[in-house]
Structures are given as structure tokens and as C-alpha cells.
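Chemist: Return atomic coordinates for the entry below.
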Amino acid sequence: MKKSAILITSFFVCALCLAPCALYAANKIEVLKKQIANDDPHRVYVSFNDLAGEFLKENKYDECVSCMIGLKEKNKDLEAPADYYSAYCRYQQLKAAEQLQDWNEYFNKGAAWRQEITAALQNAIAKSQVTDPANIYSRLLLWKLTKETQEGDPEAEFNGLMDACRQFAKHGSDMTAIKNVADQLQLSDRKPDARELYKIYVARLANTQMSEYDLKAAADGFYQEGNVDLAEAVYENYIEKISKNISKERLLAELKEIAMKFSVQSPNAKDLFFAEKMFKKMEEVGGWEAFDEKSIYLRAWNLEKAKDYPRAKEVYLVLLNRFPKTAYASAANYKISVIDAYALGDLKQAKDALEKTSQGQTDIYSISSLYHLGLLNQWEGNFEQAQNYYNKLLENAKEAKEYQEIVKFSQDRLAEIKNKKLIEYNLKLFLDACFKPENKNLTMNKINLQVNNFLPKPADKLSLNATAYAGQTGCMDAQLQYYWSGSLGSAIPTVEQFSFETDYPSKGPKVANLVVVSPSGVVDRSFEIIDVN
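Modeler: Next comes the predicted model:
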């Protein structure tokens, strides 16, 4: 009895605690309904959104739909937003059943819900002008629904959405709807269309009375949110605005700050091509004198990671010419040699650059240069010269732990020469792809090789991923094989793997190579310099 009394008492205590919460929620709904009735057209969507949110956070989908129907019955002017939010609530109910795998409800009611959603959205579109956000939001949701269900014509719905957005941009007042649509497209497979809408949004934003400070603050905010496309569009407008009335020195400082945000060294959102756009603008405004040695190196490194190897080499050379004693000299010379060899296929230039780096102080770049000198000579058949480089490497590396990976590579190559064997198959395939005259058509534009961490530390996990564009054989996609070689860290990927995860035990530049092969022959080659620091 005592236990039952305690349980009953506890129930009533909980009920008393929950009652004020339920009462508050009910009161808030009533307040929002009254607010909607008295709202001006520019605020009504904020209140509708808040009202729908009150129901949805409690999963009260039917109540939400009933409320929306009641609002439009009382006021025909609210028909379009009420129909849109009625459809939106039902759509959320449909998605919840799918995510919770409540298949009984999903299959019993799903078809009726989809019809209800479609009818409500079509009515909202019919009852609204193109300058009404309900028109835009209804078209967006109708496109999403048709795309997910493949009922109707998703492409036609999408074209209607984009046309409506363009018309809205010309005549609408609050451009938030355009940004919200762009955000949704950004999350889907419509990134170019999202960029178009972001540009429209930013153009209208820049034409307002926003100060330069507020414009940059908006760009910084979008950047922190990870909305790279929108941040870039606002930064470009900001630069255009300030360039007309500030000093050259301040403009250069702003350009450099923005370039750094998107460059290879950034720990946050990256866009290597946008970073180069800002670096190029710096060069146009101030020439190379606007760059110190660190920013020149960073620009070259950024171009290297963007796979613009010829331009990366040019900028590395600018660094060495302007700052012959730069602390980045070994790294720059080494990277020039790797680019000459494996990107440009120029053996002579590569060996000259490697010789220069190998004769400097004994560091990871000189040690790595000796290995590549040995490798290039071994591939050419200059076995005695190759042995000399490998042996010099072993002598210079001695017992240093950080050189053990490249020491192992050199020992493997020496064993191949001693036993009169060919270079390991995958590695030879890569070298053949780089240097054989018949492979000059391999221009590294058919493989997109990416690493997900530009600044790994020893033992950090990172992944390499390759996308190859090999076309089709007949009516079937080509069956591809991926021949990985070079410094791959702890991983031993098979020819079936187009991506893999790895880590490196020591610091230094690691050159990972790839050749993709289809049944008709070599598709292309690629490589990545991974800077473990």
C-alpha cells in the first residue's frame, strides 16, 4: 500500500510539474495564432514558422494541419502560407515515419499523405503571387517530394522553382527566401544552381545600405557556418566595395586575410581555387612585392594541392629567385623536382632540381631527393649511378628513425638491382606512365586524386580517394583497376580499391602514386605530395 501511495503521489507531482509546461505551450500557440491574424505581410512567415515549430517539436502533426486549416478558413488572405505549412507538417510526418521505420503507418497512410501534400502545395502556388515566399517555398517542397518519390516530373518542378526564384529576386522584398532555397540546393546535387541563387542574394544584399563592416561580418558569419559558396560571394562584393575608397596597403591586407581563410593551411572551410583568386588579385594590386616569403610559399603550395602543377612550379621559382636563402628553399626545390618528374615528365629538369636539393644540409628533403635520383636513374637503366644514390642515402640516413621508411624503399630498390629484377610492378607502371613517349597523352586530367587532410601529423589518420573518368565500354561502365605505389603509409591497398585510409609514422614529404587501368589500357596517372609535419 505504501509503495502504491508513493507511486500515485509521484504521478500527481509529475503531472503538476508538467501542467505548467503544457499550459505555456498552449498559450504560446494561441498567442502566435493571434499574432498571425494581425501580422504585416513581411512578418507573417516568421510567425507561421514559429507556430509550426511549436507543433512539430511535440510531433503533433495532425494538430498542426488542423490549426493551419482553421487559420485559412477564418482568413482567406492566409490561404497560401497556411497551405504551405500544412503540407510542410505532413511532409515532416512522412519523413519521421520513414526514419523511425514505422512501416505500418508509412505504407498505410503514406500514399494519402503524399496526395494531401501535393494538393496543398499546388493550391498554395495557385493562390500566391511570385513575390510571395509561400510560392517559392511551396515550389521547393514540391520539387523535393517529386524527386524523392519520382511521381510527376522532378525536372519540370525544379525549372519552375528556379524561374520563380529569378522572378522573386526582381520584385520580392525579403530575400531570405532566396537564401533558404539556395541552402537547400547546396545540400542536394544542385550546387551550381545554389551558387546562382547565392549570387542573386548577395547582389541584393550589397545594394542595401549595409556598411563595409557589416558586409564583412556577414561574410565571416557564413564562413563560420561552413557555407563556403555564400561566404565567397559576399567576400567578393566586400572587396569590390572597399577597393574604391581604401588605401592600397589596407586592400592588400584584406585580400591576404581572405586568401588565407580558404587556402591549404586553413583548419576550417577550404576552397583552393578561391584562395588563388584572392592571391592573384593581390598580385594585380601590389605585384610580388605584396608577398613575403611565407605567403609566396603558401600560394605555391595551394596551387600544388589544386593540381595546377605548372603554375605551382612558377610560384616556387618566384620564391627561390626573390628569397634565395629562404627557409623554404629545400621544400621548394624538392617540390619543383617532383612536379618536373611526375607531373611534367621532364627527367632532365627533375634530376637537376633533385641534385640541388640533395647537396644541401642533410634533412628529409635531401634524403628524399637522393631516393628519387636513384629511382629515376634505375628506371633509365643507369644502375651503377642509381646504386650510388641509394648507398649515399643509406650512409646519410644512418640510424635516424624519421628516415626509416625511405631507407626501406632504397633497400628494396638496391635488392632489385642486385637480383637483376624490374622495379616493383606498380611503381614501374607509374614511371612508365610518366616518362615513356607513347604515354604523352596521359595528362592527369582523367583522375581526381584527393587527400582529406593537407596537414597531417605522424600517426594521424587520413584518406586518399580517386575518381577516374574512363568513359564507357559499350553499354557498360569500364571496370577499373587502381595501381597504387610510392609512399602509402601503413596501408596496402589492392587494385580494387579506389580509396583507402592510412597514416604515416614519421614527418616529411610523402609521394603517393596512382595509375588507373581499364580493359583497354592505362586511363591516366596521378600523384599526391603529402606533407606530414
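Chemist: Residue ranges of each domain in this protein, please.
Modeler: Using automatic domain parsing, the domains assigned to the chain come out as 24-174, 339-423, 442-532.
Chemist: Could I get the average pLDDT for the shortest one?
Modeler: Domain 339-423 shows a mean pLDDT of 93 in the predicted model.
Chemist: Check the longest one too.
Modeler: Averaging pLDDT along domain 24-174 gives 88.
Chemist: helix or strand right after the helix or strand where residue 367 lies?
Modeler: Taking DSSP states H and E as the definition, residue 367 sits inside helix 364-380. Using DSSP H and E, the helix or strand that directly follows helix 364-380 along the chain is helix 383-397.
Chemist: What segments of the stretch 301-450 of the chain are strands?
Modeler: 447-451 (DSSP state E, counting those that start in this stretch).
Chemist: all helices for it, in order.
Modeler: Assigned by DSSP state H, counting those that start in this stretch, the helices in the stretch 301-450 of the chain fall at 309-322, 329-338, 347-358, 364-380, 383-397, 404-418, 425-435.
Chemist: Mean neighbour count and distance to residue 517 added to those, as TSV?
Modeler: C-beta here means a position set from N, CA and C on the backbone, and glycine is covered the same way. Output for the helices of the stretch 301-450 of the chain, formatted as TSV (neighbours: other C-beta atoms under 10 Å; distance: least, C-beta to C-beta, whole Å):
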stretch	mean neighbour count	distance to residue 517
helix 309-322	18	22
helix 329-338	24	23
helix 347-358	20	23
helix 364-380	23	19
helix 383-397	18	26
helix 404-418	17	22
helix 425-435	20	8
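Chemist: before we move on, the earlier item: what I need now is the domains of the chain written out in CSV, including distance to residue 205 for each item.
Modeler: Shown next, in CSV, are the domains of the chain (distance: least, C-beta to C-beta, whole Å):
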stretch, distance to residue 205
domain 24-174, 12
domain 339-423, 41
domain 442-532, 31
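Chemist: Any idea which of those domains gets closest to residue 234?
Modeler: Of all the domains of the chain, domain 24-174 sits nearest to residue 234, with 16.1 Å by C-beta to C-beta.
Chemist: Any idea how far the helix holding residue 367 is from the middle of the chain?
Modeler: Mean-position distance between helix 364-380 and its chain equals 34 Å (C-alpha atoms, centre = their mean, to the nearest Å).
Chemist: isn't there a strand covering residue 244?
Modeler: No. Going by DSSP: H, G, I helix; E, B strand; the rest coil, the assignment for residue 244 is coil, not a strand.
Chemist: The one helix or strand residue 527 maps to - contacts with which helices or strands?
Modeler: Using DSSP H and E, residue 527 sits within strand 521-532. Here strand 521-532 touches helix 329-338, helix 425-435, strand 447-451, strand 462-468, strand 508-518, going by 3 or more C-beta pairs under 8 Å, 6 or more residues apart in numbering; DSSP states H and E.
Chemist: Quick one: work out the angle between that strand and strand 462-468.
Modeler: Relative orientation of strand 521-532 versus strand 462-468 (axes from the mean of the first three to the mean of the last three C-alpha atoms, to 10 degrees): 160 degrees.
Chemist: Quickly run through the sheet partners of strand 521-532, with directions.
Modeler: Taking DSSP bridges as the criterion, strand 521-532 forms sheet pairs with strand 508-518 (antiparallel).
Chemist: model confidence over the partner strand, on average?
Modeler: Strand 508-518 comes out at a mean pLDDT of 96.
Chemist: Next, the angle from it to strand 447-451.
Modeler: Relative orientation of strand 508-518 versus strand 447-451 (the same axes, to 10 degrees): 150 degrees.
Chemist: Just the CA trace of strand 508-518, in CSV.
Modeler: The C-alpha coordinates for strand 508-518 follow below in CSV (Å, rounded to 0.1, in the frame of the first residue of the first chain):
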residue,chain,number,x,y,z
GLY,A,508,58.4,14.6,-44.2
PRO,A,509,57.1,14.7,-47.8
LYS,A,510,55.4,11.5,-49.0
VAL,A,511,54.8,10.9,-52.7
ALA,A,512,51.8,8.6,-53.2
ASN,A,513,51.3,7.5,-56.9
LEU,A,514,48.4,6.0,-58.8
VAL,A,515,47.8,4.6,-62.2
VAL,A,516,44.3,3.7,-63.2
VAL,A,517,43.9,0.9,-65.8
SER,A,518,40.8,-0.2,-67.8
